[in-house]
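Engineer: Following is a predicted model, sequence given first.
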Amino acid sequence: MRLFLLSLFCVLPLFTQAVAGRYLTVEYPPSKEPEGLIYGVTYTLWLPEGIEKVRGVIVHQHGCGAGACKGGETAAYDLHWQALAAKHGCALLGPSYHQEDGQDCRKWCDPRNGSEKAFLHSLEEFAKQSGHPEIGKVPWALWGHSGGGFWSSLMLTLHPDRIAAIWFRSGSAYYVWEKGDIPKPELSEAVYQVPICFNGGLKEEQDKRHGPARVGDRAMFKAWRAKGAPAGFARDPRTGHECGDSRYLAIPFLDTCLTMRLPKQGAALLPVKVSDGWLSEMDERTAVKASEFKGALETAAWMPTEALTKLRAEYIQTGATNDTTPPPGPTDVKVKDGVVTWQAEVDFESGLQQFIVYREGKEIGRVPEKLASRFGRPLFQAMSYHDTPEKPLLEMKFVDPTPATSAISYRVISVNGVGLRSE
């Protein structure tokens, strides 16, 4: 039940989550204030279990339209993004704006129209209610798709000292403010100190709806690189505007940037030494140390580490990245009244595809029973167009019609995103 108060705080489990943590939700109705957000919005925050101090907030921001807003409802429940958050002692935040098709997206995706204030207010609410006052002060890592990238690029101009890194999946506001369609923001020197990466689909470059925006992303990339900014570029060869398998490069990029920038104490981000990174031509796979690069800097795609350049090289050729190691095996296998349950860690490189359940050495079932993939690799949490899990969200459980009496009789193995099985 939704209560349209000034704000709503509650613990709201969408399903029985196997990853240890808790969910908090804050919801705001449409504002009637002159500079308020005209749409309602729901913010869902996931906190890892046992976290003592929150070091940052990872924001997974959906794009424009009713479908994207619905897709954003499950962002905080994504096991792979939760693994990234837990690794760095961060919270995972999934906003969902209540925008319908046909309504003006810029009324929220331009944060100056009220969504910045709502976002900051939600962090203060979460800080109070969670018992973690630091949530209102810690840095952010932003991931934005389409209108979410538009929002992220403007948040960069408003809060550059607060942002550890940004992944732009098919979207930024640069071309719009340069055309004069929206007020051009002030661009301080600080905006050029934040690691960012642009990632769009090859197919959308050629369509009339999204093609101009991808030209704009390239223009922003070049403008930032001309200033010496730590800006990367990785075109997806397989997709249009959908997110595809971009998470397999986005998550390692943000992982590396969070490792580089989150402080051990306090909230002030550590600086990035761009000269320690690696450079390649923006659509080429070969990379060299920044100090050895001989080409034009404004078209040189930056990556912070050699390991990331190898992932990027693979991604811009295949649209995904490989994984050669098996996933961690499930733990805490239990059975009660014929229901087998377990806990499992996500394979950080390729995610989780499926679980195989054995009883007394014989396979008796799989979860999910059949693999399906509309967007990207088939996964345990099937991926939507928006890089969020599809509903209904599966639980880590299997119903055995002829159950054994002891959990010892059962074994569960994990299958990762590329099909490798746990040992």
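Structural biologist: Perfect, I can see it now. Numbers count the residues shown, from 1 in each chain.
Engineer: what's Glu345 in contact with, if anything?
Structural biologist: By CB atoms under 8 Å, 6 or more residues apart in numbering, the contact list for Glu345 reads 83, 327-328. The C-beta positions use only the backbone N, C-alpha and C, and glycine is treated the same way.
Engineer: would you turn those into TSV with secondary structure?
Structural biologist: Below are the contacts of Glu345 laid out as TSV (DSSP: H, G, I helix; E, B strand; the rest coil):
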residue	secondary structure
Ala83	helix
Pro327	coil
Pro328	coil
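Engineer: For Ile408, grab phi and psi.
Structural biologist: phi -60, psi -30 (degrees, to the nearest 10).
Engineer: Which one (most neighbours) among the contacts of Glu345?
Structural biologist: Greatest neighbour count in these, by other CB atoms under 10 Å, goes to Pro327: 26 neighbours.
Engineer: Identify the residues contacting it.
Structural biologist: 345-347, 350, 352, 414-416, 420-422.
Engineer: Out of those residues, which end up buried?
Structural biologist: Buried members of the contacts of Pro327, counted by 16 or more other CB atoms under 10 Å: 345-347, 350, 352, 414-416, 420, 422.
Engineer: Among those residues, name the ones in strands.
Structural biologist: 352, 414-416 (DSSP state E).
Engineer: and the nearest residue to Trp143 once chain neighbours are set aside, what pLDDT?
Structural biologist: Nearest in space to Trp143, with sequence neighbours left out and distances taken as CB to CB, 6 or more residues apart in numbering, is Trp167 at 4.7 Å. At Trp167, the pLDDT value in this model is 99.
Engineer: Run through the bridge partners of Trp167.
Structural biologist: Beta-bridge partners for Trp167, by DSSP bridges, are Trp143, Cys197.
Engineer: In this structure it contacts Pro195, no?
Structural biologist: No - Trp167 is beyond contact range of Pro195, at 9.5 Å (criterion: CB atoms under 8 Å).
Engineer: Assign Gly71 to helix, strand or coil.
Structural biologist: Looking at Gly71 with three-state DSSP, the answer is helix.
Engineer: show me the contacts for the residue lying closest to it once chain neighbours are set aside.
Structural biologist: Taking CB to CB, 6+ apart, and ignoring the residues beside it in sequence, Gly71 has His386 as its nearest neighbour in space, at 3.4 Å. Listed by CB under 8 Å, 6+ apart, the contact set of His386 reads 62-63, 67-68, 71-72, 145, 243.
Engineer: repeat that with 7 Å
Structural biologist: The contact partners of His386, by CB atoms under 7 Å, 6 or more residues apart in numbering, come to 62-63, 68, 71-72, 145, 243.
Engineer: Please enumerate the helices of the stretch 1-150 of the chain.
Structural biologist: Counting by DSSP state H, counting those that start in this stretch, the segments of the stretch 1-150 of the chain that form helices are 66-71, 79-87, 106-109, 115-130, 147-158.
Engineer: which one of the ones you listed has the most crowded surroundings?
Structural biologist: Ranked by mean neighbour count, those are led by helix 147-158 with a mean of 26 (mean count of other CB atoms under 10 Å).
Engineer: Put the alpha carbons of that helix into PDB.
Structural biologist: Provided in PDB are the C-alpha atoms of helix 147-158 (Å, rounded to 0.1, in the frame of the first residue of the first chain):
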ATOM      1  CA  GLY A 147      17.500   9.900 -19.800                       C
ATOM      2  CA  GLY A 148      19.400   8.600 -16.800                       C
ATOM      3  CA  GLY A 149      22.600   9.500 -18.500                       C
ATOM      4  CA  PHE A 150      21.100  13.000 -19.300                       C
ATOM      5  CA  TRP A 151      20.400  13.300 -15.600                       C
ATOM      6  CA  SER A 152      23.900  12.100 -14.600                       C
ATOM      7  CA  SER A 153      25.700  14.500 -16.900                       C
ATOM      8  CA  LEU A 154      23.800  17.500 -15.300                       C
ATOM      9  CA  MET A 155      24.400  16.100 -11.800                       C
ATOM     10  CA  LEU A 156      28.100  16.100 -12.800                       C
ATOM     11  CA  THR A 157      28.000  19.800 -13.300                       C
ATOM     12  CA  LEU A 158      26.100  20.400 -10.000                       C
END
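Engineer: Next, the angle helix 115-130 makes with it.
Structural biologist: 90 degrees (axes from the mean of the first three to the mean of the last three CA atoms, to 10 degrees).
Engineer: from the chain's centre, how far out does helix 147-158 sit?
Structural biologist: Centroid separation for helix 147-158 versus its chain: 15 Å, with CA atoms, centre = their mean, to the nearest Å.
Engineer: Report all helices and strands that that helix contacts.
Structural biologist: Helix 147-158 sits against strand 56-61, helix 106-109, helix 115-130, strand 140-145, strand 163-169, with contacts defined as 3 or more CB pairs under 7 Å, 6 or more residues apart in numbering; DSSP states H and E.
Engineer: Ok, which of the ones you listed comes nearest Thr42?
Structural biologist: helix 115-130 (9.4 Å; CB to CB).
Engineer: one step back: tabulate the buried ones among the contacts of Pro327 (a markdown table), appending distance to Phe221 and pLDDT.
Structural biologist: Formatted as a markdown table, the buried ones among the contacts of Pro327 follow (distance: CB to CB, whole Å; pLDDT from 0 to 100):
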| residue | distance to Phe221 | pLDDT |
| --- | --- | --- |
| Glu345 | 35 | 95 |
| Val346 | 30 | 97 |
| Asp347 | 31 | 97 |
| Ser350 | 27 | 98 |
| Leu352 | 33 | 98 |
| Ser414 | 37 | 98 |
| Val415 | 37 | 99 |
| Asn416 | 32 | 98 |
| Leu420 | 35 | 98 |
| Ser422 | 39 | 97 |
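Engineer: Appreciated, that's everything.
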